[in-house]
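*Asks:* For reference, the sequence and a predicted model appear below.
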Amino acid sequence: MASPVWHPFTQHGLEEAIPQVVSAEGALLHLADGRTLIDGISSWWVTTHGHCEPRIAAAIARQAATLDQLIFAGYTHGPAEEVAQGLIDLAPRAPSQPTLAHVFYSDSGSTAVEVALKMALGYWHNRGEPDRHRILVLQRSYHGDTIGAMSVGERGVYNAAWSPLLFDVGTIPFPAPGSEQTCLDALEAACAQKPAAFIVEPLILGAGGMLVYPAHVLREMAAICRRHGVLFIADEVMTGWGRTGTLFACEQAGVVPDIMAVAKGITGGAIPLAATLATGPIFDAHRSTDRAKLFYHSSSYTANAIACAAAAANIAIWCEEDVLGRIAALTAGIASRLADLARHPAYANPRQLGAIAAIDLVAPDAGYLSDLAPRLRAFFLEKGLLLRPLGNTIYLMPPYCLDAGQLDAIFAALHAAGDRYG
Ligand code: PLP
């Protein structure tokens with residue numbers, strides 16, 4: 001009998017053979033049929049140190065037996081306090097820039113973005129400028145699949161059905177090589193119109209195609225926003241927790257955003273949690289004796305204690321171990337193999353930022369709606385890999401425990417895919 005489960009981003013009807021995974025450890029997934037896969041994309045960009053990391057698993061078990069869940073409106077618990085302080089201590093900081101000092105919890109990257117947008121509009125509303133509500137976005141961005149997050153993302157087939165629900169935004173061209181100034185000029189002109197905020201994926205657009213842009217452009221974007229009093233929102237949902245080679249990508253540009261969304265690797269990838277960090281002025285705009293100004297946002301599981309305990313364990317790993325050293329070694333291992341792969345005639349546009357790498361397969365049927373990506377996915381599955389290309393863009397975002405042998409196996413499969421589909 002067909003399964004009643006409705007999977008995300010899955011073409012039911014065409015993709016019926018959905019593998020069942022029974023256990024995982026490190027970079028490996030073990031399937032019900034006895035096969036083992038190397039997880040080349042950290043199970044949708046969340047797993048950082050490795051699957052079932054023992055300290056995180058133990059923290060979850062301890063917390064589940066101590067305090068599982070608590071209403072977070074008007075109550076608090078130790079793990080939430082500890083993680084908030086840890087996030088503030090680890091957040092990007094720079095001289096003469098505001099400090100991220102407040103943490104609002106939610107449970108996914110999309111909700112962290114929704115909260116960021118609501119904070120930005122709440123800030124202007126509570127300061128008596130409710131007309132200041134326009135959001136600026138970067139072309140080809142992806143910020144999640146809830147309504148607000150879709151509104152600030154690129155429009156396409158994946159959200160066309162819901163376009164009546166989406167609000168209008170100002171779109172700034174992507175700073176592709178050679179057109180950085182066009183992007184910055186467009187941002188400057190749009191900021192002069194007094195929008196509420198600019199939201200951006202720092203240094204690399206993820207789901208939009210793993211498109212990299214330079215740190216000096218990000219720095220200039222933040223400076224333009226600052227000059228015009230436009231709030232600068234960094235979506236570090238994908239880039240956070242070391243993916244780009246630093247804990248947060250904004251660090252590479254010396255930028256402190258007014259609002260920052262984090263999720264995915266915040267628990268090492270074990271359990272859902274997200275956070276939206278904000279500076280003092282954003283918080284203060286909602287701190288008032290006037291009840292109309294409080295921040296009207298919550299969900300049942302805000303700051304779930306088990307998830308916070310996992311995040312606390314993750315932060316402890318970051319503080320006690322040389323995680324960045326591991327990422328640097330992985331980055332170097334990827335770089336040498338990517339340079340070799342780039343010589344394959346079927347591949348073009350190799351790019352890498354930290355432990356994220358991408359390359360385009362030059363194939364005749366490479367459009368987003370073609371069946372190339374599902375065919376590649378099936379090919380990689382056969383080769384013992386979990387990879388999920390974006391159209392003809394094949395990318396890697398592995399857990400940091402991936403070893404050289406596993407990296408070799410991934411790149412051997414990429415060469416074979418080039419031979420077969422290029
Ligand atoms: N923002 C960015 C940059 C992302 O890459 C993603 C997910 O991939 C999201 C937001 C949404 O996160 P989630 O899938 O946890 O809702």
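*Replies:* Yep, that arrived. Note that this is a predicted model, so its numbers are computed, not measured.
*Asks:* Residue 143: what secondary structure?
*Replies:* Of the three states, residue 143 takes coil under DSSP: H, G, I helix; E, B strand; the rest coil.
*Asks:* Was I right to think it contacts residue 149?
*Replies:* Yes. Using Cβ atoms under 8 Å, residue 143 is in contact with residue 149, at 4.4 Å. Just so you know, the C-beta spots here come from the backbone N, C-alpha and C atoms, and that holds for glycine as well.
*Asks:* Looking at the two, which one has more neighbours?
*Replies:* Neighbour count, other Cβ atoms under 10 Å: between residue 143 and residue 149, residue 143 has more, with 31 against 27.
*Asks:* And the pLDDT at the more buried one?
*Replies:* Per-residue confidence for residue 143 comes out at a pLDDT of 98.
*Asks:* got the contact list for it?
*Replies:* Residue 143 sits next to 109-110, 113, 137, 149-150, 152-153, 199, 201, 235, 237 when contact means Cβ atoms under 8 Å, 6 or more residues apart in numbering.
*Asks:* Overlap of the contact sets of residue 143 and residue 149?
*Replies:* 109-110, 113.
*Asks:* so residue 174 sits in a strand?
*Replies:* No. Per three-state DSSP, residue 174 lies outside any strand segment and is coil.
*Asks:* Next, the contact list for the nearest residue to it once chain neighbours are set aside, please.
*Replies:* Leaving aside its sequence neighbours, residue 174 sits nearest to residue 139 (Cβ to Cβ, 6 or more residues apart in numbering; 4.6 Å). Contacts were defined as Cβ under 8 Å, 6+ apart; by that measure residue 139 touches 154, 171-174.
*Asks:* try residue 420
*Replies:* Per Cβ under 8 Å, 6+ apart, neighbours of residue 420: residue 379.
*Asks:* What does it show for phi and psi?
*Replies:* phi -80, psi -40 (degrees, to the nearest 10).
*Asks:* Low-confidence stretches in the protein?
*Replies:* Counting by pLDDT under 70, the chain has low-confidence residues at 1, 15-16.
*Asks:* For whichever residue of it sits closest to the ligand, grab phi and psi.
*Replies:* For the chain, the residue closest to the ligand is residue 109, as judged by Cβ to the nearest ligand atom, at 2.1 Å. Backbone torsions of residue 109, given as degrees, to the nearest 10, read phi -60, psi -40.
*Asks:* That one reaches residue 237, doesn't it?
*Replies:* Yes. Judged on Cβ under 8 Å, residue 109 makes contact with residue 237 at a distance of 3.5 Å.
*Asks:* which residues do the two both contact?
*Replies:* Overlap of the contact sets of residue 109 and residue 237 (by Cβ under 8 Å, 6+ apart) consists of 143-144, 261, 263-264, 274.
*Asks:* per-domain residue ranges of this protein.
*Replies:* Listed domain ranges for the chain are 21-52+323-421, 67-320 (source: automatic domain parsing).
*Asks:* Narrow the contacts of residue 143 to those that are buried.
*Replies:* Buried residues within the contacts of residue 143, counting neighbours by 16 or more other Cβ atoms under 10 Å: 109-110, 113, 137, 149-150, 152-153, 199, 201, 235, 237.
*Asks:* Between those, which sits nearest residue 341?
*Replies:* Of all those, residue 201 has the smallest distance to residue 341: 24.7 Å, by Cβ to Cβ.
*Asks:* Find the nearest non-adjacent residue to that closest one, please.
*Replies:* Distances taken as Cβ to Cβ, 6+ apart place residue 235 nearest to residue 201, at 5.1 Å, with adjacent residues excluded.
*Asks:* Now do the contacts for the one you found.
*Replies:* 109, 113, 116, 141, 143, 199-202, 261.
*Asks:* For residue 398, see how far away it is.
*Replies:* 22 Å (Cβ to Cβ, to the nearest Å).
*Asks:* Also residue 159?
*Replies:* Residue 159 is 28 Å from residue 398, by Cβ to Cβ.
*Asks:* Next: residue 419.
*Replies:* Note on residue 419: its distance to residue 398, by Cβ to Cβ, is 22 Å.
*Asks:* okay, those two: which has more neighbours?
*Replies:* Using other Cβ under 10 Å, the more surrounded residue of residue 419 and residue 398 is residue 398, with 26 against 10.
*Asks:* Please name the nearest non-neighbouring residue to the more buried one.
*Replies:* Of all residues not flanking residue 398 in the chain, residue 40 sits nearest, at 5.4 Å (Cβ to Cβ, 6+ apart).
*Asks:* For the stretch 251-400 of the chain, what lies in contact range of the ligand?
*Replies:* Contact residues (Cβ under 6 Å from any ligand atom) of the stretch 251-400 of the chain with the ligand: residue 263.
*Asks:* Where do the strands of the stretch 251-400 of the chain begin and end?
*Replies:* With DSSP state E, counting those that start in this stretch applied, the stretch 251-400 of the chain shows strands at 259-262, 274-279, 347-353, 356-361, 385-386, 393-396, listed in chain order.
*Asks:* how about residue 58, secondary structure?
*Replies:* Following three-state DSSP, residue 58 is assigned to helix.
*Asks:* ok now do it, which residues does it touch?
*Replies:* Neighbour list for residue 58: residue 313 [criterion: Cβ under 8 Å, 6+ apart].
*Asks:* and the helix or strand harbouring residue 137, which residues are buried?
*Replies:* Assessed by DSSP states H and E, residue 137 sits inside strand 135-138. Counting neighbours by 16+ other Cβ under 10 Å, one finds that the buried residues in strand 135-138 are 135-138.
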